[in-house]
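Peer 1: turn this into a model:
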Amino acid sequence: MKADKSSLLLYAVTDRSWLHGRSLADVVEEALKSGVTFLQLREKDIDTPSFIELAKEIKAIADKYNVPYVINDNVEVAMACGAHGVHVGQKDMKAMDVRKIIGPDKILGVSAQTVEQALEAEKNGADYIGVGTMFPTSTKLDAEAVSFETLKNICAAVSIPVVAIGGINKDNAIKLSGSGIAGIAVVSAIFAQDDIAAAVKDLRQIAQKLVGHEH
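Peer 2: This next block holds a predicted model:
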């Protein structure tokens with residue numbers, strides 16, 4: 001499964017800090033059922049066997065809803081669970097090396113903060129670029145802010161789709177209108193909400209408006 005532009009419309013990145021007693025699988029299923037179009041499993045403090053086990057459990061849900069599914073940073077886990085691909089940041093393994101391991105058919109997403117990084121990622125086999133941080137966010141306190149202008153320039157510079165990430169929620173997402181992005185990636189705007197289904201539906205409508213403005 002490759003990442004086509006339309007699948008990036010509403011990209012959810014998991015975070016287990018807000019589960020309120022529910023399982024991640026349960027929360028992810030609600031999000032996918034409600035209209036999330038792409039899923040990234042992000043785990044920072046977990047040992048590899050537990051990560052693989054969780055990744056397989058979430059993969060079964062992604063498959064059920066036919067949603068592209070990538071693992072953050074960890075190529076070993078992505079391969080072991082049969083994920084559709086992997087997403088790497090600038091400080092992680094180089095895109096070119098990741099592509100060699102995962103092969104030509106898996107999805108490779110790469111984070112970029114500058115036009116240079118985005119062009120480099122595209123050249124090295126990325127299928128899409130994640131650009132951020134767009135707005136202040138509690139999930140990445142040390143994250144570099146990226147301006148609207150830079151986002152727009154990255155979208156114009158690369159021929160692969162771009163998704164914006166970082167502090168995006170239903171109140172500020174529309175500010176990204178006209179940038180050229182294929183979609184929005186969100187964490188707390190879905191997973192920290194009491195009503196996940198309603199949050200997803202709202203965000204998906206906003207994302208459609210936002211991306212619709214590009215044509």
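Peer 1: quick one: list the elements packing against whichever helix or strand Val70 is part of.
Peer 2: Here Val70, judged by DSSP states H and E, is contained in strand 69-72. Judged by 3 or more Cβ pairs under 8 Å, 6 or more residues apart in numbering; DSSP states H and E, the packing partners of strand 69-72 are strand 38-41, helix 48-64, helix 75-81, strand 85-88. C-beta here means a position set from N, CA and C on the backbone, and glycine is covered the same way.
Peer 1: what about the chain, any weak spots by pLDDT?
Peer 2: With pLDDT under 70 as the threshold, the chain has low-confidence stretches at 1, 138-143, 213-215.
Peer 1: so which residues of this structure form strands?
Peer 2: Here the chain has its strands, by DSSP state E, at 10-13, 38-41, 69-72, 85-88, 107-112, 128-131, 162-165, 183-186.
Peer 1: save the helices and strands packed on strand 69-72 as TSV, and put in mean neighbour count and distance to Val186 too.
Peer 2: Formatted as TSV, the helices and strands packed on strand 69-72 follow (neighbours: other Cβ atoms under 10 Å; distance: least, Cβ to Cβ, whole Å):
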stretch	mean neighbour count	distance to Val186
strand 38-41	25	11
helix 48-64	16	17
helix 75-81	20	21
strand 85-88	26	14
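Peer 1: turn these into JSON lines, including distance to Lys5.
Peer 2: Below are these laid out as JSON lines (distance: least, Cβ to Cβ, whole Å):
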{"stretch": "strand 38-41", "distance to Lys5": "11"}
{"stretch": "helix 48-64", "distance to Lys5": "19"}
{"stretch": "helix 75-81", "distance to Lys5": "22"}
{"stretch": "strand 85-88", "distance to Lys5": "15"}
